[in-house]
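quick one, structure for this:
(2 chains)
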Protein chains: 2
Amino acid sequence: MNIERLKSVPLKNIKIDDLYWSKYINTIFENGIMYQWDIINDRIKGAEKSYSISNFMIAAKRKTGKFGGKVFQDTDTAKWLEAVAYSLEIKENKELEALADWTIDLIGDAQCSDGYINTYYTIEEPGKRWTNLVEGHELYTAGHLIEAAVAYYNSTGKDKFLKIMCRFADLIHDTFGEEEGKIKAYPGHPEIELALVKLYYTTGEKKYLETAKFFVDKRGTKPDYFSEEIKKRNYKFIFPELEGFDSSYYLNHKPVREQNTADGHAVRNVYLYSAVADIAYEYKDDGLMDTCRRVFNNIATKRMFITGSIGSSAIGERFTCDYDLPNNSNYSESCASVGLAFFAKRMLEIDRDSKYADILERALYNTVLSGISLKGDKFFYVNPLEVIPDVCEQNTSLSHVKAERQKWFGVACCPPNIVRTLASLGQYIYSTGEEELFVNLFISNESNISVKQRNVKVEINTKYPFKSSIDIKLNTEESTEFTLAVRIPQWCSLKSIELNRRKDFNYSIDKGYIKIKRTWNRSELLCIEYDMPAQFVYSNPKVRSDVGKVAVVKGPVVYCLEEADNGKNLGAIAVDCSAKLVERYEEELLSGTLTISASAERINDSGWENVLYSTKKPQTEQTKVRFIPYCLWNNRGKGEMLVWVRYKD
Amino acid sequence: MNIERLKSVPLKNIKIDDLYWSKYINTIFENGIMYQWDIINDRIKGAEKSYSISNFMIAAKRKTGKFGGKVFQDTDTAKWLEAVAYSLEIKENKELEALADWTIDLIGDAQCSDGYINTYYTIEEPGKRWTNLVEGHELYTAGHLIEAAVAYYNSTGKDKFLKIMCRFADLIHDTFGEEEGKIKAYPGHPEIELALVKLYYTTGEKKYLETAKFFVDKRGTKPDYFSEEIKKRNYKFIFPELEGFDSSYYLNHKPVREQNTADGHAVRNVYLYSAVADIAYEYKDDGLMDTCRRVFNNIATKRMFITGSIGSSAIGERFTCDYDLPNNSNYSESCASVGLAFFAKRMLEIDRDSKYADILERALYNTVLSGISLKGDKFFYVNPLEVIPDVCEQNTSLSHVKAERQKWFGVACCPPNIVRTLASLGQYIYSTGEEELFVNLFISNESNISVKQRNVKVEINTKYPFKSSIDIKLNTEESTEFTLAVRIPQWCSLKSIELNRRKDFNYSIDKGYIKIKRTWNRSELLCIEYDMPAQFVYSNPKVRSDVGKVAVVKGPVVYCLEEADNGKNLGAIAVDCSAKLVERYEEELLSGTLTISASAERINDSGWENVLYSTKKPQTEQTKVRFIPYCLWNNRGKGEMLVWVRYKD
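Presented below is the predicted three-dimensional model:
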């Protein structure tokens, strides 16, 4: 950690116009954010109620009534505001800005005189603040509000919301810490930690960073604060399902720096470790950074679904053990993939290693997107890799799995988390160092990026991930020497590279990046051609759920079979891995997408009526099957879906 | 249903001495029943407490204290007494009989003046009788006590217990029914119905049958009694996990005779349908009998694991939908296989069709036995077909699956249910009609059976299921004409049959039975040779969990791979179905058993360290694997187990 951490490029400097992403982003900007405004105002018929604005109205004494929803309902509004902030940074929208300002005023009115904000505790349990850190989600909620305030300030320059949240952050700083009279504890659900780091980065106020560090350091130390707190509350739980959970669920089974594997509730884990990476970097704490590397590595090499999702068990929404990756009963929450992207981004910025971007890209291109419909108005919370609608509707142990995207959820962490991620997608494309410009993701865009205090106009043109040639144009306002670092994803090999139509130039390859150090001038063109055909991917043989199966993958995009293309009982299909995969861009399908066809054999179930077990070997027939990108499934009605398909030798 | 129902042969007339079964039965008689006595007296260290005798002591006012355990704890004692009754019928044991008599006196003392018996409601909730039929388990508990009393009377001729239970049954009859002033409801957990039928058969008192019929007829009618009752209790639940369950869980989603599929809690289902079959027969109700056939058929052809177990979902311990048979997350409760045997036995007696015995045999030979250790002192509640200890210990959604048999359970329905089933195994071997003697199971034994009021000494000698020749000796006290019906299991084909060493005699085959009608004399010998090699069995291609996999089966016995024989990561194995299965009886292994070896290939995981997904196809190597009977797994320490194994073409 002797080198400086890479930085993101402000969203306002990035203009995305991309084959894969723009349809989603446009949908979010055109409809999604306003849909979500209607949701948080409880105006969408047939959707689960949010109560979020209503709760703020009551807490602000603008109306009377009862608190609605769960303890963390304020975060629906927070995440909406954060998404609005990003969208305003990218595109002016006076109406939206007015709604946001109105909402910020409302939050201000709901703030207590000492700075505290939380509608549940204000309305329902005044006087009970900070008495249920295990479940109360006050710090979690504060974290989301702080993230929103930081984003709104960065986007609009308006500081009202930031000041509101600084007052709350000051209160948190004064309430928690090792000092005499402060509460020596940490939140059940991490989130405040990464938010306080962001607030520190924005305000320069070090006490916010210190409080975040305190939360991380304290976690998992003895005596166990949570057990004591639960005892004090006479073992009464807001969420009764949490009662029997062990401390690893909360990531406080041991001090953070002693954790070697990715454990506990998946979202809590990656939110926490995002902050741990920040803090390890800020305090130059090599031991803590090694912890981050160990935990990240454990996820990436033993506990992550191929779709970049995490959380193998629905009960506890959590990590379980190495290689336990069930395809139909997993949780794979959309939020967890959002959080995994956060964690990966930080590791990438600190270690400058493409392997982190590989995971980031998998999470974004597959599970973050599968969580939202093409129209932007329906959402998955849970993202299985195998769905049979009859089964998930009738097997009560799979009731967490929905066969269709939903309008909203009572616990609605995921939909606005997806929306704020899409609205801020630009942050993942580039990183800049003192003398480096990193290109991490291949998303077509035009940007203005500051390198060595000079503006560089950068343009990426590509049809990635469906095609694998990438053109990068650089236009430096003045000749400037810096290193351009272009990522080689793990699934790509370099086929050709030309700078200004010439092959004879110097570059090196380091940690998965092509590095070109030179003086850049106006009108430079780098053309890269990767080899990235659609491929069969196998899993580690220890993954019991995938053994004898393959996934079809092109670059970061994981494909799936859907009933709409391939009929019922997808399990009867076995693809022929020796035959060629045929790629075809289909303009009319699913708003335009690349499909992949394969040869396969299919077990014929004729003769099996009313026979459950038989010594007669099932007969097979030759067939063709069509794969579509996993993220696009269930945009054509309810039906089966399958990622890992059996293969025949 | 114009023909009379077949009858069982009294246990006292059957002396079993069998290669497959006797080791278990002897263990039960020598240790198991006394172990269980210690359990219900809370004397086994490290085992979950039963509290059962203690609760009766308190209810009988022989001591003071608090009720312990769940509402249905009385059934531990009831099932113990039932097992004792069967054991005494088979073998005199004065000490055990004295303990049983002491316990019966205790139950008598715990009986209320009006006949009511239930220690939970007597101690904990006096005055609340019959107010929680959904969850209270009073009628369920009564049913088990009645079954025990009937068994004890049939075994010992002593009628004290029977009279105690008749008083309670009288109270139940006076409390429930269509008549004015009676409660018009039925139990949440069926069991009383089949017990009342047994009580009717033993006492001839028709009102018991009528009450059972009332419970069956009332179930699922509108208005829904349970919803009303739950409302009256202000939605308070004894078992909070039941709160969200729909009415199909309780089998009251529609009237019983309208049910077409096997739904709901698996044990409740088969206990209920055992009684429904009884009642359909007794009332010559063809419509209701067709319901039984439909439900049974749905189980047998769409909802039963190959091991004769049922219950695809842990949440709800229940049936789900057709072909949903997950191997590692299923419930497959031991009790449910016991209940399936009950249901199958009744259908067999009524329809005289071997297909019912096929299911009965599968349940007994596999899941009933897998529930108990070879030493008889440890038990499985849940019987998965695939276990990876790390996974079921760390995946919180699989916490119902134990990687090792347990000493006892807080909810201990299964262990005593297995013990009473083993103690009464003889009841399943033969059935008699007016002029027929049916041989259903091939278990070596010597018996005295009454056919047409004449004693027939029958001896079966066989090493079935490991060998498939069966010798049946008949010794008729006087020459008697009757039909001997010998079952041809679905997995057998008839290779040769000789009567008194001659092949030229008449027989017919009808509904899976070889029927020989003649005058039988002294010293007749029927030698049957079945073809029943070890075989690969495939599942219906609609069973997603088994597609591309085979099970190795010999006759009724399902085999499995165990880590002790085949190392870790059994999922990496794919058997070669074209190669020969090699059978070998191994005297020293697992108290003597037949193993089956197969050729296989195995995915080699070298090169996969720290790689989760790769385009490199995993390499395989040739190997041999050894299968052991499923019921014997986990008798050699903790390790992986697998029934459905991938096959290579």
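
and the strands in the stretch 301-450 of chain A?
A:386-387, A:430-432, A:436-439, A:445-451 (DSSP state E, counting those that start in this stretch).

so which of those is the most surrounded?
Of the strands of the stretch 301-450 of chain A, the one with the most neighbours on average (mean count of other Cβ atoms under 10 Å in any protein chain shown) is strand A:386-387, at a mean of 26. Quick note: C-beta positions are derived from backbone N, CA and C, even for glycine.

direction included, what does that one pair up with?
strand A:641-642 (antiparallel) (DSSP bridges).

anything in the helix or strand that the partner strand is followed by near chain B?
Downstream of strand A:641-642, the first helix or strand assigned by DSSP states H and E is strand A:645-648. Yes: Strand A:645-648 reaches chain B (Cβ under 8 Å from any Cβ of the partner chain) through A:646, A:648.

contacting residues around the closest residue in space to residue A:31 that isn't next to it in sequence?
Distance criterion Cβ to Cβ, 6 or more residues apart in numbering or on different chains; nearest residue to residue A:31, sequence neighbours excluded, is residue A:376 at 5.5 Å. Residue A:376 sits next to A:24, A:27, A:28, A:31, A:32, A:35 when contact means Cβ atoms under 8 Å, 6 or more residues apart in numbering or on different chains.

secondary structure added to those residues, as JSON lines?
Formatted as JSON lines, the contacts of residue A:376 follow (DSSP: H, G, I helix; E, B strand; the rest coil):
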{"residue": "A:24", "secondary structure": "helix"}
{"residue": "A:27", "secondary structure": "helix"}
{"residue": "A:28", "secondary structure": "helix"}
{"residue": "A:31", "secondary structure": "helix"}
{"residue": "A:32", "secondary structure": "helix"}
{"residue": "A:35", "secondary structure": "helix"}
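
can the residues you listed go into TSV with extra columns for neighbour count?
Listed next are those as TSV, based on neighbours: other Cβ atoms under 10 Å in any protein chain shown:
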residue	neighbour count
A:24	23
A:27	21
A:28	25
A:31	13
A:32	26
A:35	22
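
of these, just say which sits nearest to chain B.
residue A:24 (24.9 Å; Cβ to the nearest Cβ).

what residues does the stretch 501-649 of chain A put near chain B?
So the stretch 501-649 of chain A meets chain B at A:535-544, A:547-548, A:551, A:569, A:571-572, A:574, A:577, A:603-605, A:608, A:610-618, A:646, A:648-649 (Cβ under 8 Å from any Cβ).

show me where the stretch 51-200 of chain A has its helices.
A:52-59, A:74-90, A:94-110, A:119-123, A:138-156, A:160-175, A:192-203 (DSSP state H, counting those that start in this stretch).

got the residues of the stretch 301-450 of chain A near chain B?
Going by Cβ under 8 Å from any Cβ, the residues of the stretch 301-450 of chain A near chain B are A:301-302, A:304, A:306, A:312-316, A:318, A:320-322, A:324, A:326, A:329, A:386, A:388, A:390-391, A:394-399.

residue of the stretch 101-250 of chain A with the smallest distance to chain B?
Counting by Cβ to the nearest Cβ, the stretch 101-250 of chain A gets nearest chain B through residue A:240, at 6.7 Å.

same list (the helices of the stretch 51-200 of chain A) but as JSON lines, adding mean neighbour count.
Putting the helices of the stretch 51-200 of chain A into JSON lines (neighbours: other Cβ under 10 Å) gives the following:
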{"stretch": "helix A:52-59", "mean neighbour count": "23"}
{"stretch": "helix A:74-90", "mean neighbour count": "26"}
{"stretch": "helix A:94-110", "mean neighbour count": "17"}
{"stretch": "helix A:119-123", "mean neighbour count": "23"}
{"stretch": "helix A:138-156", "mean neighbour count": "25"}
{"stretch": "helix A:160-175", "mean neighbour count": "21"}
{"stretch": "helix A:192-203", "mean neighbour count": "24"}
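
can you say which of those is nearest to residue B:463?
helix A:138-156 (65.5 Å; Cβ to Cβ).

low-confidence stretches in the stretch 401-550 of chain A?
Within the stretch 401-550 of chain A, no range satisfies pLDDT under 70.

what about 80?
In the predicted model of the stretch 401-550 of chain A, residues A:410 satisfy pLDDT under 80.

show me where it has helices.
Using DSSP H, counting those that start in this stretch, helices in the stretch 401-550 of chain A cover A:414-423.

about what we covered before: okay if I get the helices of the stretch 51-200 of chain A as a markdown table plus distance to chain B?
Formatted as a markdown table, these follow (distance: least, Cβ to the nearest Cβ, whole Å):
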| stretch | distance to chain B |
| --- | --- |
| helix A:52-59 | 25 |
| helix A:74-90 | 24 |
| helix A:94-110 | 33 |
| helix A:119-123 | 23 |
| helix A:138-156 | 21 |
| helix A:160-175 | 31 |
| helix A:192-203 | 25 |
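
in chain A, where is pLDDT below threshold?
For chain A, the stretches with pLDDT under 80 are A:1-2, A:410, A:649.

domains for it, by residue range?
Domain segmentation of chain A under automatic domain parsing yields A:22-428, A:430-531, A:536-648.

I'd like to know which of those is closest to residue B:205.
Short answer: domain A:22-428, nearest of the domains of chain A by Cβ to Cβ, at 39.8 Å.

okay, now the closest one: how far is its last residue from its first?
For domain A:22-428, the first-to-last residue distance is 15 Å (Cα to Cα, to the nearest Å).

next one: stretch A:374-384
Span of stretch A:374-384 from end to end, Cα to Cα: 18 Å.

contacting residues for residue A:218?
Contacts of residue A:218 (Cβ under 8 Å, 6+ apart): A:178, A:184, A:185, A:186, A:225.

most surrounded residue in the residues you listed?
residue A:186 (26 neighbours; other Cβ atoms under 10 Å in any protein chain shown).

isn't that residue right next to residue A:130, touching?
No: using Cβ atoms under 8 Å, residue A:186 makes no contact with residue A:130, being 11.5 Å away.

tell me which residue lies nearest the centroid of chain A.
The residue lying closest to the centre of chain A (Cα atoms, centre = their mean) is residue A:338, at 1.1 Å.

so how far is chain B from it?
Counting by Cβ to the nearest Cβ, to the nearest Å, the gap from residue A:338 to chain B is 21 Å.

can you redo the domains of chain A as a markdown table with distance to residue B:66?
Putting the domains of chain A into a markdown table (distance: least, Cβ to Cβ, whole Å) gives the following:
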| stretch | distance to residue B:66 |
| --- | --- |
| domain A:22-428 | 19 |
| domain A:430-531 | 62 |
| domain A:536-648 | 45 |
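
among those, which is nearest residue B:191?
domain A:22-428 (22.0 Å).

mind listing what residue A:221 touches?
residue A:255.

coming back round to it: quick check on the residue of the stretch 101-250 of chain A closest to chain B: phi, psi?
Here is the backbone geometry of residue A:240 (degrees, to the nearest 10): phi -60, psi -30.

so what's the residue count around the residue nearest to it when sequence neighbours are not counted?
In space, and not counting its chain neighbours, residue A:240 is closest to residue B:240: 6.7 Å by Cβ to Cβ, 6+ apart. Residue B:240 is flanked by 11 other residues according to other Cβ under 10 Å.

my guess is residue B:240 contacts residue A:237. True?
No: between residue B:240 and residue A:237 no contact is recorded; they are 11.2 Å apart, counting by Cβ under 8 Å.

the residue nearest to residue A:586 when sequence neighbours are not counted in helix, strand or coil?
Sequence neighbours aside, residue A:595 is the residue nearest to residue A:586 in space, at 5.5 Å (criterion: Cβ to Cβ, 6+ apart). Look at residue A:595: counting by three-state DSSP, its state is strand.

what's the burial count for residue A:595?
Neighbour tally, residue A:595, other Cβ under 10 Å: 19.

check contacts around it.
Residue A:595 neighbours (Cβ under 8 Å, 6+ apart): A:583, A:584, A:585, A:586, A:589, A:626, A:627, A:628.

who does the residue lying closest to residue A:265 once chain neighbours are set aside bridge with?
Of all residues not flanking residue A:265 in the chain, residue A:318 sits nearest, at 5.0 Å (Cβ to Cβ, 6+ apart). Counting by DSSP bridges, residue A:318 is bridged to residue A:265, residue A:313.
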